[in-house]
Every structure is written in structure tokens, then in C-alpha cells.
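Visitor: Need coordinates for the following:
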Amino acid sequence: MITRRHAVAAAATALLLTAAATLLAGGAAPAAAHSTIAWPRPSRNTDCTDVPGRSGPGLCTGRGNTACPRTRNPWEAGRNFRRPGAVLRRGQSVTLRYMKNNHGPVGFVRWSLVPAKLHYDVAAHARFAFWWNCWGSGFRRCHRRGNPRGCGSDRKKEAWSPRVTIPTSIPDGNYILGFVWYGGGGENFGRLRFAAYWSCSFVVIRGGRQTRSWTPRFVPVTGRKDPKLRGGPWQQNNQCLSGVDRLGVCDKATPACKRRRVTFMKPFEFRGRHRPPPLTTQMYLQARK
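Guide: Numbers count the residues shown, from 1 in each chain. Purely as a prediction, here's the structure:
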């Protein structure tokens, strides 16, 4: 005879099995495999990447006009900067923040500043890239109280906060600060796991010493390193753990990409004799026409 107690127990077991299946399918923690800018305030809270089933404003393929998640409001589309995420000046050393979301220190982050009219243009973000750092740069403890977005979904309340320098050649004006994380994977010499993730903020550049040109930089780590980071001191100070050294190779985490080994490397733009071309004031002015 089936009693009420048996029925309740059976229902609870079914719920547990369903939850376990959801976890195995990867559906229980959609935020655990993404990252967005935490500060300056992002143009949209949605992460942007190219994964199966993704469409709409959160689809960023690394091609065409998908360098930022699509925004809802006119002021968010670069037409009105009365509510910028930050006002920055040329030559300023500024701490930027992005979400760790339970991931280890694997991959590169590239930062760009593009004129507002080129908001979504992938090629423009590549051309106006000014800074590269390791994903695990500026390890910090974050606190949900008073800054609910600062920690994202990270269970240990940890985040990243590298210091970057704003180019001195950039004219005053309205810009899109572009962020992309690529090469993310298993910690400490595992395999590549994640597609590239894109995010953007609306910022105003105003003031600071002006120069005609500025050289883009690769600074692996500023501030604290992740305590779990392996490798020797030279590797940690000069390279990053990553599954790829450039965008465009594994922007989508295909089965072939997921076979790539994570190892220490530099971004392609800084390997051997490779260096990005200088960013000149004329470049910015020409792009704004």
C-alpha cells in the first residue's frame, strides 16, 4: 500500500533526479561560463558570445557588427552620452573590473576604445585595441553588499581588476570601451573550454596630456595574481595561460577547439617581432567622420 509519506518521498526523489540531470546538461548555471565588464557600467548586462542556441542581443560571433551586445535604448546606442559608464582622461591609469564567475586564470583580455559611431564594428575594435592582459590579472575579493554586480555569480566572491592606461593620443569625445575574453579553458594546463565573450561600456574621454601617437601594450598582470596560478616566475610575469593566442581562431568553442591544450603564451600581436601599429590622433579623427 502506497502511503502519503511514500508519495512525498517519491516526488522529492524525482525532483532531485531532475535537478541532477539539469546540472549535467549545463543548464543550472548559465552565468558560470561567461564574463562581462563590471566597471565601468556595461552597456548591457547580458553576456555576448557564440554558443549553440544563442541568438538576439547576446549573440557575438567575432564577425561583422557583433563586437558588443545589442542595446535597447537610444542613449545606449552611442547617440547620447549623458549617462556614460565613466569619464576618463588621456594617460590615466585606471582600474577596470570584470567578472570571474568561478573561472580559473586562463585566457587573454583585449581592451579597445572606438569612436561611438563604430559601436558594434568588430574590425574597428581590433584596429583600436590598446591593451592586452591575462584574464587572471588583478585578483581581488569582491563584496555583494553595496555592489551586487561586482561579484557576478562567483561562489567565492572573487573577481579580476587589472590596471590599464588610457592612450594619450585619443581625442576628447564619446567612445565605446570594448572588452573581449578569449582562450579560456581548464585551469593549469587543461584544455580550451570557452568561446570568446564580449562586453562594452560607454565612456567619455576628456582632458589629459595629448600626444600624436601611442603604442598599444601587453601587460600580463597588474596587482595580485591568482593564488592558484602555476608556472614559474618568468612565465607568470611575461606570458598568460591560454588555449589560443588570437581572436578569430576559436571564437566559437567547436569540438576541434576544445582539443587545444592550455599553455603559457603571448598574444599573437606581441609574439616574436610582431607589434601592433601605433594609435595616432589622426586615426581617431578620421574614424569619427
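Visitor: Tell me where the stretch 151-289 of the chain has helices.
Guide: All helices of the stretch 151-289 of the chain, identified by DSSP state H, counting those that start in this stretch, fall at 233-238, 281-287.
Visitor: weakest of those by average pLDDT?
Guide: Lowest mean pLDDT within the helices of the stretch 151-289 of the chain: helix 233-238, at a mean of 89.
Visitor: Can you name the residues in contact with it?
Guide: Residues from elsewhere that reach helix 233-238 (CB atoms under 8 Å, 6 or more residues apart in numbering): 220, 221, 225, 229, 264, 266. (Glycine included, C-beta is placed from N, CA and C.)
Visitor: Which of the residues you listed fall in strands?
Guide: residue 264 (DSSP state E).
Visitor: Adding distance to residue 125 and neighbour count, write the contacts of helix 233-238 out as a markdown table.
Guide: As requested, those are exported to a markdown table (distance: CB to CB, whole Å; neighbours: other CB atoms under 10 Å):
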| residue | distance to residue 125 | neighbour count |
| --- | --- | --- |
| 220 | 21 | 21 |
| 221 | 23 | 21 |
| 225 | 27 | 18 |
| 229 | 28 | 19 |
| 264 | 26 | 18 |
| 266 | 20 | 18 |
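Visitor: Tell me how far residue 41 lies from residue 128.
Guide: 21 Å (CB to CB, to the nearest Å).
Visitor: now do residue 267
Guide: Counting by CB to CB, the gap from residue 267 to residue 128 is 16 Å.
Visitor: do the same with residue 197
Guide: 19 Å.
Visitor: what ranges do the helices span in the stretch 1-150 of the chain?
Guide: Remark: helices assigned in the stretch 1-150 of the chain by DSSP H, counting those that start in this stretch are 4-25, 122-127.
Visitor: between these, which gets the lowest average pLDDT?
Guide: helix 4-25 - the lowest mean pLDDT of those, at a mean of 40.
Visitor: okay, residue 41 and residue 128: which has more neighbours?
Guide: More crowded of residue 41 and residue 128, by other CB atoms under 10 Å: residue 128, with 24 against 15.
Visitor: deepest of the helices of the stretch 151-289 of the chain, which one?
Guide: Mean neighbours per residue, mean count of other CB atoms under 10 Å, is largest over the helices of the stretch 151-289 of the chain for helix 281-287, with a mean of 15.
Visitor: Can you report how many residues lie near residue 195?
Guide: 25.
Visitor: Tell me if I'm right that it and residue 247 touch.
Guide: No. Contact criterion CB atoms under 8 Å: residue 195 and residue 247 do not qualify, at 10.9 Å.
Visitor: list residues touching both of those two?
Guide: Contacts common to residue 195 and residue 247, judged by CB under 8 Å, 6+ apart, are absent.
Visitor: How about the contacts made by the closest residue to residue 192 other than its chain neighbours?
Guide: Leaving aside its sequence neighbours, residue 192 sits nearest to residue 243 (CB to CB, 6 or more residues apart in numbering; 2.8 Å). Residue 243 sits next to 106-107, 183-185, 191-193, 250, 257, 260-262 when contact means CB under 8 Å, 6+ apart.
Visitor: could you redo the last one with a cut-off of 6 Å?
Guide: 183, 185, 192, 260, 262 (CB atoms under 6 Å, 6 or more residues apart in numbering).
Visitor: Roughly how far does it sit from residue 66?
Guide: Distance from residue 243 to residue 66, by CB to CB: 21 Å.
Visitor: Then residue 289?
Guide: From residue 289 to residue 66 the distance is 24 Å (CB to CB).
Visitor: out of these two, which sits in the busier spot?
Guide: Using other CB under 10 Å as the criterion, residue 289 and residue 66 rank with residue 66 on top: 19 against 6.
Visitor: now the closest residue to residue 151 other than its chain neighbours: how far from residue 114?
Guide: Once flanking residues are discounted, residue 151 sits nearest to residue 142: 4.3 Å by CB to CB, 6+ apart. Here residue 142 is placed at a distance of 28 Å from residue 114 (CB to CB).
Visitor: Where do the strands of the stretch 51-200 of the chain begin and end?
Guide: Secondary structure of the stretch 51-200 of the chain by DSSP state E, counting those that start in this stretch: the strands cover 86-88, 93-95, 97-99, 108-115, 129-134, 139-141, 158-160, 163-165, 173-182, 197-205.
Visitor: For the ones you listed, give me CSV that also has mean pLDDT, mean neighbour count and distance to residue 283.
Guide: Converted to CSV, these look like this (pLDDT from 0 to 100; neighbours: other CB atoms under 10 Å; distance: least, CB to CB, whole Å):
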stretch, mean pLDDT, mean neighbour count, distance to residue 283
strand 86-88, 95, 17, 18
strand 93-95, 96, 12, 21
strand 97-99, 87, 23, 26
strand 108-115, 97, 25, 10
strand 129-134, 97, 23, 11
strand 139-141, 80, 16, 34
strand 158-160, 79, 24, 29
strand 163-165, 97, 18, 18
strand 173-182, 95, 25, 13
strand 197-205, 94, 25, 14
